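Got a predicted structure plus its sequence, pasted below:
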There are 2 protein chains.
Amino acid sequence: MNIGDVAERSGLPAKTIRYYEDIGLIRPKRDANGYRAFDERDLHKLTFLARARALGFSIEDCRALLALYEDDSRASADVKRIAERHLAQIDAKIADLRAMRATLAHLVEACHGDDRPDCPILEDLGAGVRRDA
Amino acid sequence: MNIGDVAERSGLPAKTIRYYEDIGLIRPKRDANGYRAFDERDLHKLTFLARARALGFSIEDCRALLALYEDDSRASADVKRIAERHLAQIDAKIADLRAMRATLAHLVEACHGDDRPDCPILEDLGAGVRRDA
DNA sequence: CCTTGACCTTCCAGTAACTGGAACCATTAG
DNA sequence: CTAATGGTTCCAGTTACTGGAAGGTCAAGG
């Protein structure tokens, strides 16, 4: 398979696949003409990576997960640890975003949004500053 | 004020303040010795930026908001439009994260996490691949 | 045989918003 | 005089790609 084939089958852009080779996530063979020659195993790994990335795992997490995936004597605890850490990060991000969202929604609601200059959003952003200079 | 003073008062690292000058968000004067000389107006802007960034606005949004803030004849609708677009982006991000979280939480729960190799998390990630080669 | 088009290659640069570190200058206290 | 503190610039690295240029390869059509 050429890169276009695995790109289509894995759902990953060809550019991304080349990048994954660059950083050592995959090591496809090469044809005589220099083209990358992917086998089923490579495609499998790429699909694995696409799914893991879609779940928000970092590249380094993906590297670790892929290593565990290929290690038949792995402990599932190692996998679970990575996933739980990631889950905690997702929760933290969601909490951050919800806090932002709450404040921002409040401000947006308070802003009449017409052609007059007074605006609670800007007032809030500019608040908390000493004008005592 | 030197950069250390405004860093402390605005809550922004000095590095970040220099960066904000680099990209033209602020233009502090300079003392004879080359040190940046911040006035109250600069500090005010930095505080504004710190708050806007904390609400997740991009630097370019911050640049636009700051321009509106300084424009006495602005229309609040312009501000509101930026804020609403950002709010929509936050909502989209939260939705993405919640979807990830749901899938991941499910998998984590299913994984016993001991020293045995079988692991539903890896099974899921490796799923959807033809082994027909 | 030649051309056209699709596909492949490498390499360089840019994205967002900083952050770390090196090498060096200024100011002040002891 | 020296040491500590805090300022300066500039370069590189971070994350995970993405775009684009310049050029090689291959199959089909005339």
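Perfect, thanks for sending it.

Residue A:2 is in contact with residue A:14, correct?
No. Applying Cβ atoms under 8 Å as the test, residue A:14 and residue A:2 come out as separate, 9.2 Å apart. Placement of C-beta: from N, CA and C, glycine included.

Any buried residues in whichever strand or helix holds residue A:21, and which?
For residue A:21, the host element (DSSP states H and E) is helix A:14-22. Buried positions in helix A:14-22, judged by neighbour count with 16 or more other Cβ atoms under 10 Å in any protein chain shown: A:16, A:17, A:20.

How about the helix or strand where residue A:103 lies and DNA strand C, touching?
Taking DSSP H and E as the criterion, residue A:103 maps to helix A:76-110. No. Using Cβ under 7 Å from any atom of the strand, helix A:76-110 never reaches DNA strand C; the gap is at least 13.2 Å.

For that helix, enumerate the helices and strands it packs against.
On a contact count with 3 or more Cβ pairs under 8 Å, 6 or more residues apart in numbering or on different chains; DSSP states H and E, helix A:76-110 meets helix A:59-70, helix A:120-125, helix B:76-110, helix B:120-125.

quick revisit: just after the helix holding residue A:21, pick out the following helix or strand.
Beyond helix A:14-22 on the C-terminal side, the first helix or strand identified by DSSP H and E is strand A:29-30.

Neighbouring strands - and their directions - for that following strand?
Paired neighbours of strand A:29-30 in the sheet (DSSP bridges): strand A:36-37 (antiparallel).

Pull up the residues of chain A that are close to DNA strand C.
By the rule Cβ under 7 Å from any atom of the strand, the part of chain A lying against DNA strand C is A:2, A:3, A:4, A:5, A:7, A:14, A:18, A:34, A:35, A:36.

what about burial for those, which qualify?
By 16+ other Cβ under 10 Å, the residues of chain A next to DNA strand C give A:3, A:7, A:36 as buried.

and the first one, what is it in contact with?
Remark: with contacts taken as Cβ atoms under 8 Å, 6 or more residues apart in numbering or on different chains, residue A:3 is in contact with A:14, A:17, A:18, A:35, A:36, A:38.

And these, which is closest to residue B:95?
Distance from residue B:95 was checked for each of those by Cβ to Cβ. The minimum falls on residue A:17, at 27.7 Å.

my read: that closest one touches residue A:5, true?
No. Between residue A:17 and residue A:5 there is no contact under Cβ under 8 Å: 10.6 Å.

So residue A:15 versus residue A:23, what's the distance?
Taking Cβ to Cβ, to the nearest Å as the measure, residue A:15 falls 13 Å from residue A:23.

Tell me which residue in chain A sits closest to DNA strand C.
Residue nearest to DNA strand C within chain A: residue A:4 (2.7 Å; Cβ to the nearest atom of the strand).

In which helix or strand does that residue reside?
helix A:3-10.

What parts of chain A come near DNA strand D?
A:13, A:15, A:16, A:19, A:32, A:33, A:34, A:53, A:58, A:59, A:60.

Max pairwise distance over the residues you listed: which two?
A:32 and A:58 (36.2 Å).

Which of these two has more residues huddled nearby?
residue A:58 (13 against 6; other Cβ atoms under 10 Å in any protein chain shown).

any idea how far the more buried one is from residue A:96?
In terms of Cβ to Cβ, residue A:58 sits 17 Å off from residue A:96.
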